[in-house]
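Peer 1: What follows is a predicted protein model with its sequence.
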Amino acid sequence: MVYPIVKYGDPVLAKVAEPITVYDKDLKNYQTWLEKNQVAMSDYDKTANELEPMFKTQADIDGLKKSRALVAQWGANDKEVVALIDNAKFHEAQALSREKNKPLIDENGKVVDAILDG
């Protein structure tokens, strides 16, 4: 729907908007995010399992262990995010995901880089 541009003082600007009660687009976006996230977690597990026997140094073994712990925490955080999504608290879910998962993702990137550089 397209609305006309109005100037300050127009009576339409004084109207109280109806509360938003349907978040179909946000819900679909988060469902897509969740599906992609589940695939990423599954792919991570598969790759980690395939690489594990190749690791010979203690530093690499410890790095993989730390990486698995970071990814597990990420998965646990996502359960909190999903609970918020289920209650149509999309903005809170997004904020929680960024607040808790971004540091984990960054830290895991450093761990993986250390393994690759090792």
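Peer 2: Sure, I can see it.

Peer 1: Return the helix or strand in the protein with minimum mean pLDDT.
Peer 2: In the chain, no helix or strand scores lower on mean pLDDT, DSSP states H and E than helix 24-51, which sits at a mean of 84.

Peer 1: Buried residues, that one. List them.
Peer 2: By neighbour count on 16 or more other Cβ atoms under 10 Å, the buried set for helix 24-51 is 26, 30, 33, 37, 44. C-betas here are computed from N, CA, C, even on glycine.

Peer 1: check contacts around the most centrally placed residue in the chain.
Peer 2: In the chain, the centroid-proximal residue (Cα atoms, centre = their mean) is Ser97; its distance is 4.9 Å. Contacts for Ser97 (Cβ atoms under 8 Å, 6 or more residues apart in numbering) come out as 77-78, 81.

Peer 1: Show the average pLDDT along the host helix or strand of it.
Peer 2: Taking DSSP states H and E as the criterion, Ser97 maps to helix 90-117. Averaging pLDDT along helix 90-117 yields 89.

Peer 1: if we can go back for a sec, with neighbour count as new columns, can the contacts of Ser97 be given to me in a markdown table?
Peer 2: Converted to a markdown table, those look like this (neighbours: other Cβ atoms under 10 Å):
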| residue | neighbour count |
| --- | --- |
| Asn77 | 16 |
| Asp78 | 21 |
| Val81 | 24 |
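
Peer 1: Pro11: which of those residues is nearest?
Peer 2: Val81 (41.4 Å; Cβ to Cβ).
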